[in-house]
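Enquirer: When you get a sec, could you give me coordinates for this:
(one chain, ligands or ions: 1)
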Amino acid sequence: MTQLIHRNLRRTPPTAVCAFGMYMRDKDGNTYMDASGGAAVSSLGHSHPDVLAAMQAQLKTTAYAHSGFFTTDVAEELAHRLGTDAPGDLNNVYLVSGGSEAIEAAMKMARQYCVENGETQRRVFIARKQSYHGNTLGALALGGNEARRKQFEPLLMTVARVSPCYEYRHRPAGQDPADYTAGLLDELERTILDAGPQNVIGFCAEPVVGATLGAVPATPGYFKGVRALCDKYGILFIADEVMCGMGRTGTLYAVEQEGVVPDIVALGKGLAAGYQPIGAVVVRDHVVERLRNGSGIFQHGHTYNAHPVAAAAALAVQKIIKRDCLLGAATVRGTTLRRMLRDAFGAHPHVGDIRGRGLLVGLELVQDRDTKRPFDPDLQLHAAVKEKALGCGLMVYPMGGTADGKRGDHILLAPPFIATEADLAQIVARLSDALTRALAAIAP
Ligand code: PLP
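Expert: Here you go, the predicted structure:
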C-alpha cells in the first residue's frame, strides 16, 4: 500500500479541507480556531484575498526563475523592504525556503566570514541550552533540545552551550534581575574564554524564545550585554527570529525592542505567514562586504532560493502588515490576551506562569505553583491539552516538560494579528475548558 509518511507514523492527522481567517475545517466537518497560527506562522489568518491575488499575479508572469540565472523584481523589492525596515545596517537579504535553511545559511555565512579573513581555526558556535533552531543537521547541532538531538548526536557538530535567559525557573526568588542577567553574561564570557575567543564563530539565540520555553523574553539588558561581549571578542551575533520575527512580538524584528543590531538575523514562518514556504537571512554590511571583497561568492544555494511566488506572498504579507497597522495590533492584542489569561488562570493551581511579548504568548503548567514543580513528563500533559483543545475546536501549540524538571509543560498561543477581542475571549474560554479536561484525563 502506498502512503504519505506523517511525522507520527502511527497516526494520520485529520484532513484539512478549508481555512479562512481564524478558522480551519477538516473533512469530518469539525471546525477549529487557529490560536497558534499552526506553529506561529499564520500571522494574517487564512485565505487573505490580497495575498492570494499577489501570488496569482506572480504565477501568471514568472512562476519560477532559478536564482543562478535570474533575479526578479519581486525578490528585489522584498529584499529592499526587509533591509529598509531592519535596524542598523542589516541591509542585505538572502532569500531561502524556510527557517531551518535560514539557520543553515546563517551558520555558513558566519563561518565563511571567518575563513575569508584567514581565520580558519574559528569553528565553534555558542548557543543556549533548551533552544531550538531547526531540524536540518547544522541547525539541529546548534539547538539544545536534547530530545530532538539525541539519536542524531554522532552526526552533529559540537556546540558550546550556555544557560537560557529563563527568569521564571532560573532566577531565585529575591535575586535582583540585573544580578541574574549579569550572571548569565558572565557565563557567556567564561564560555567564550574557555573555547578561546579566536576559535569562536558566533553566538546564536532567539530574542524571545518560542517553542522550547514557551514565549520567554530576555531580561532587560541581556541582549545589550550579549552584543557587547560579541564586539569585545570579535564574534558574530546571530539572532534566530524564525518564530519571534516579522511582527509576532509587536515590532517587525524582535531585536528592535532590545536596542541591539545583530550581525545576522534568520527569518522564516511569519515572513510569508504560511502562504508560501520562505525564509531569509538578513545580514549587516560588514559581513557581506568581506565576502564580496574575498571570494565574491556565498557558498550556499538551493534550487528554490528567492522563489518568485514565495517572494510575492511575503511581499504582500509585509505590505498588509504595514497598511493595516498590524504591528500595533499585535502589541495591543497581546496585552489584552495576557490580561484575559491572567483573569482566567491567575489563581489556577496548575498555571505557574503567563508570559510573552506581543502575540507570542505562553502558559507554563506546574504540579505545584509554590515550588514550581512540573508535572511528571510521562503523564504527557501537553499532549492531553492539545488533544482536548482540538476536541474543543481550538488549535494550541504545546511542548512537554523535561524529565530533569528543568522545564514544565507549556502551551504556546500565537493567534493571527487580525484576531478581535471577541476571538481572544473565545480562545481563553476554549482553552479553559480544554485544560480542565486534560487535567482530569491525566489524573490518576
Ligand atoms: N528557529 C526557530 C526559533 C524555530 O522555531 C523554528 C521552527 O519552529 C526553526 C528555526 C526552523 O524553522 P522551519 O521549521 O521552518 O525549518
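
Enquirer: what mean pLDDT does stretch 163-181 have?
Expert: Per-residue pLDDT over stretch 163-181 has a mean of 96.

Enquirer: do stretch 47-65 as well
Expert: For stretch 47-65, the mean pLDDT works out to 98.

Enquirer: For the protein, which residues are neighbours of the ligand?
Expert: 39, 98-100, 103, 132-134, 206, 210-211, 240, 242-243, 268 (Cβ under 6 Å from any ligand atom). Every residue, glycine included, has its C-beta placed from N, CA and C.

Enquirer: Looking at pLDDT only, which of these scores worst?
Expert: Ala211 (93).

Enquirer: SS state for the residue nearest to it when sequence neighbours are not counted?
Expert: Among residues not flanking Ala211 along the chain, Tyr132 sits closest, at 5.2 Å (Cβ to Cβ, 6 or more residues apart in numbering). Here Tyr132 is recorded as coil under DSSP: H, G, I helix; E, B strand; the rest coil.

Enquirer: Can you get me a residue count around Tyr132?
Expert: Using other Cβ atoms under 10 Å, Tyr132 has 25 neighbouring residues.

Enquirer: Tell me the one of the residues of the chain next to the ligand nearest Cys18?
Expert: Distance to Cys18, by Cβ to Cβ, is smallest for Ala39 among those, at 19.6 Å.

Enquirer: Wasn't the closest one part of a helix?
Expert: Yes - applying three-state DSSP, one finds Ala39 inside a helix.

Enquirer: So it sits against Ala211, correct?
Expert: Yes - taking Cβ atoms under 8 Å as the definition, Ala39 is a contact partner of Ala211 at 7.3 Å.

Enquirer: Among those two, which residue is more densely surrounded?
Expert: Using other Cβ under 10 Å, the more surrounded residue of Ala39 and Ala211 is Ala211, with 21 against 17.

Enquirer: any idea how far Pro172 lies from Gln130?
Expert: Pro172 sits at a distance of 18 Å from Gln130 (criterion: Cβ to Cβ, to the nearest Å).

Enquirer: who's more crowded, these two?
Expert: Per other Cβ under 10 Å, whichever of Pro172 and Gln130 has more neighbours is Gln130, with 20 against 7.

Enquirer: Need phi/psi at Lys386.
Expert: phi -60, psi -50 (degrees, to the nearest 10).

Enquirer: centroid residue for this structure?
Expert: Closest to where the C-alpha atoms of the chain average out (Cα atoms, centre = their mean) is Met243, at 2.0 Å.

Enquirer: who touches it in this structure?
Expert: Counting by Cβ atoms under 8 Å, 6 or more residues apart in numbering, Met243 touches 39-40, 99, 206, 208, 210-211, 268-270, 360.

Enquirer: hang on, it in a strand?
Expert: No - per three-state DSSP, Met243 lies outside any strand segment and is coil.

Enquirer: Identify the spatial nearest neighbour of it, chain neighbours not counted.
Expert: Leaving out its chain neighbours, the residue that sits closest to Met243 by Cβ to Cβ, 6+ apart is Gly210, at 3.6 Å.

Enquirer: next one: phi and psi at that neighbour?
Expert: Dihedral angles for Gly210 - degrees, to the nearest 10 - are phi -90, psi -90.

Enquirer: Equivalent analysis for Val17, please.
Expert: Per-residue torsions, Val17: phi -120, psi -30 (degrees, to the nearest 10).

Enquirer: and the gap between the residue lying closest to it once chain neighbours are set aside and the ligand?
Expert: In this structure, Val17 finds its nearest non-sequential neighbour in Lys27, 5.3 Å apart by Cβ to Cβ, 6+ apart. Distance, Lys27 to the ligand, by Cβ to the nearest ligand atom, to the nearest Å: 25 Å.

Enquirer: what's the answer for Ala306, then?
Expert: The value you get for Ala306 to the ligand, if Cβ to the nearest ligand atom is used, is 17 Å.

Enquirer: Flag the shaky bits of this structure, pLDDT-wise.
Expert: Across the chain, residues meeting the criterion (pLDDT under 70) sit at 444.

Enquirer: now with 90?
Expert: Within the chain, the segments meeting pLDDT under 90 span 1, 145-148, 401-408, 443-444.

Enquirer: I'd like the domain boundaries of it, if you could list them.
Expert: Following automatic domain parsing, one gets these domains for the chain: 16-47+325-442, 51-323.
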